[in-house]
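Undergrad: Sequence below, structure please.
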Amino acid sequence: MIWTGIVVVPCPRVDGIRLRRARYDDGGELGRIEFATWSTTVSPAPRPGPDDGFFDGRRHPDDVLVAETDHRVVGYSILQQEFSVPSHHHVLQLTGLAVSPAYQRSGIGRQLVHGAVRDAGLAGARKVTLRVLASNTAAQILYRATGFVVEGVLRAEFLLDGRYVDDVLMARAPTPPAIERAG
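TA: Here you go, the predicted structure:
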């Protein structure tokens with residue numbers, strides 16, 4: 001990602017939310033948020049341990065946008081290249097989004113999605129994709145509200161808690177970078 005700035009955004013019920021790029025020392029708190037928000041409704045992956053490393057080779061701080069308030073990390077989004085082939089470099093995928101339970105439903109998730117979409121535009125992407133379990137209706141509502149549309153459904157893609165769950169593929173164009181006007 002090329003965006004490295006800090007943005008302070010208004011957020012209902014939470015004052016002073018700041019979005020910034022993650023640092024390695026955020027890993028412990030990001031891991032705790034991941035552990036606290038995990039369920040088979042939101043993830044087909046095995047449950048992470050409470051002390052598992054967040055930056056584990058699949059994720060790097062440059063891929064993670066952090067939301068913080070009062071110098072406390074309260075959420076994150078992850079934007080990554082899904083396929084490392086040149087013909088797919090114009091597409092970035094939102095591979096993770098989580099907000100600490102105490103801060104959910106306060107607008108932070110929406111701000112993190114908007115931040116990731118903005119970052120995709122700044123990085124030159126032409127498309128932002130994501131995958132969301134059909135059982136995760138709250139996330140689907142959030143993604144639709146932030147401009148994502150369903151591009152496809154992988155039927156019975158996962159077997160979770162003894163039932164087959166669809167995987168919903170969604171996408172949108174990134175927010176184009178602002179064009180500076182001369183004079």
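
Undergrad: ok, residue 122 touching residue 116?
TA: No - Residue 122 is not in contact with residue 116 according to Cβ atoms under 8 Å; the separation is 10.7 Å. Quick note: C-beta positions are derived from backbone N, CA and C, even for glycine.

Undergrad: which of these two has more neighbours?
TA: Using other Cβ atoms under 10 Å as the criterion, residue 122 and residue 116 rank with residue 116 on top: 29 against 18.

Undergrad: That one and residue 87, how far apart?
TA: Per Cβ to Cβ, to the nearest Å, residue 116 is found 22 Å from residue 87.

Undergrad: Please report the distance of residue 31 from residue 110.
TA: Using Cβ to Cβ, we find residue 31 at a distance of 23 Å from residue 110.

Undergrad: Quickly list what the most centrally placed residue in the chain is bridged to.
TA: What sits nearest the mean C-alpha location of the chain, by Cα atoms, centre = their mean, is residue 77, with 2.9 Å. Under DSSP bridges, the beta-bridge partners of residue 77 are residue 65, residue 97.

Undergrad: what do you get for residue 153?
TA: Judged by DSSP bridges, the bridge partners of residue 153 are residue 168.

Undergrad: Verify the contact between it and residue 170 for me.
TA: No - taking contacts as Cβ under 8 Å, residue 153 lies outside contact range of residue 170: 10.0 Å.

Undergrad: these two touch, right, the residue nearest to the centre of the chain and residue 63?
TA: No - shown here, residue 77 and residue 63 do not form a contact pair, counting by Cβ under 8 Å, at 9.3 Å.

Undergrad: which stretches of the protein aren't confidently modelled?
TA: Screening the chain residue by residue with the criterion pLDDT under 70, one finds the ranges 1-15, 178-183.

Undergrad: residue ranges for the strands of it, please.
TA: Under the criterion DSSP state E, strands of the chain are mapped to 7-11, 14-21, 64-69, 72-80, 91-99, 127-133, 149-160, 163-172.

Undergrad: Apart from its neighbours in sequence, what residue is nearest residue 146?
TA: Once its chain neighbours are removed from consideration, residue 146 has its nearest residue in residue 113; the separation is 4.5 Å (Cβ to Cβ, 6 or more residues apart in numbering).

Undergrad: for the one you found, what are its contacts?
TA: Contact partners of residue 113, counting by Cβ atoms under 8 Å, 6 or more residues apart in numbering, are 77, 94, 97, 142, 143, 146.

Undergrad: Recalculate using a threshold of 7 Å.
TA: With contacts defined as Cβ atoms under 7 Å, 6 or more residues apart in numbering, residue 113 is in contact with 77, 97, 142, 146.

Undergrad: out of those, who's nearest residue 45?
TA: Distance from residue 45 was checked for each of those by Cβ to Cβ. The minimum falls on residue 97, at 14.0 Å.
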